[in-house]
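K.L.:
next comes the sequence, and after it the predicted model I'd like to discuss.
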Amino acid sequence: MYSRIFAQTGSGSVGKFFGLYGKSMSTLRLGRMAPETTIDIIEQELHAELKEKGLVKLGKTLEEEQKILLDLQAKQKDNLNRIKEACVNPTQKRLAQGYSINGLFWSLKQKEMNQIATKEAMQTREETIDWLKARQDLYAALKHGSDKNCSLS
């Protein structure tokens, strides 16, 4: 029941993504692939959505989700690179020089990391990316299966 948390438009970073793609994106809902979510759950939800919308509308929805996925992946990669440059590399350099990384230094680096992206935001983005990837993979398998007149499970 709690395996998926849907982000509604207009709240947080998801609202920013919908703003990038126009009003048609406001009807999409983005889920998160929490640790207890299995691929079977996503597959069942995709089949239910397929029955509700049909293959053509589902395909269009997943094409729009693909754009969001690419943006989320780019943002995640950018944040990780910024954290590495601002926090990880200086910490490793300081440690290699024999200095302590505890205390004030570590506290400042933690603050810098949180300014780039909080742990919760990174985790939420990663779960959303996983959910979108799983849907894309299942749709590709469904599309491939429909070419052979069969479907997922």
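P.N.:
Structure received. Residues are numbered from 1 along each chain as shown.

K.L.:
would you mark the buried spots in stretch 34-44?
P.N.:
Neighbour-count burial for stretch 34-44, counted by 16 or more other CB atoms under 10 Å, picks out Thr37, Ile42, Glu43. (C-beta placed from N, C-alpha, C; glycine too.)

K.L.:
mind putting those residues in CSV, pLDDT included?
P.N.:
As requested, the buried residues of stretch 34-44 are exported to CSV (pLDDT from 0 to 100):
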residue, pLDDT
Thr37, 79
Ile42, 89
Glu43, 89
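
K.L.:
check which helix or strand covers Glu65.
P.N.:
Applying DSSP states H and E as the criterion places Glu65 in helix 55-83.

K.L.:
so what's the gap between that helix and the chain middle?
P.N.:
The chain centre lies 7 Å from the centre of helix 55-83; the measure is CA atoms, centre = their mean, to the nearest Å.

K.L.:
what do you get for stretch 110-121?
P.N.:
Centroid separation between stretch 110-121 and its chain, computed with CA atoms, centre = their mean, is 17 Å.

K.L.:
how about residues contacting it?
P.N.:
Stretch 110-121 is contacted from outside by Ser13, Asn79, Arg82, Ile83, Ala86, Cys87, Arg125, using CB atoms under 8 Å, 6 or more residues apart in numbering.

K.L.:
quick check: the gap between the most centrally placed residue in the chain and Tyr99.
P.N.:
The centre of the chain sits closest to Ile129, judged by CA atoms, centre = their mean, with a distance of 2.2 Å. Taking CB to CB, to the nearest Å as the measure, Ile129 falls 36 Å from Tyr99.
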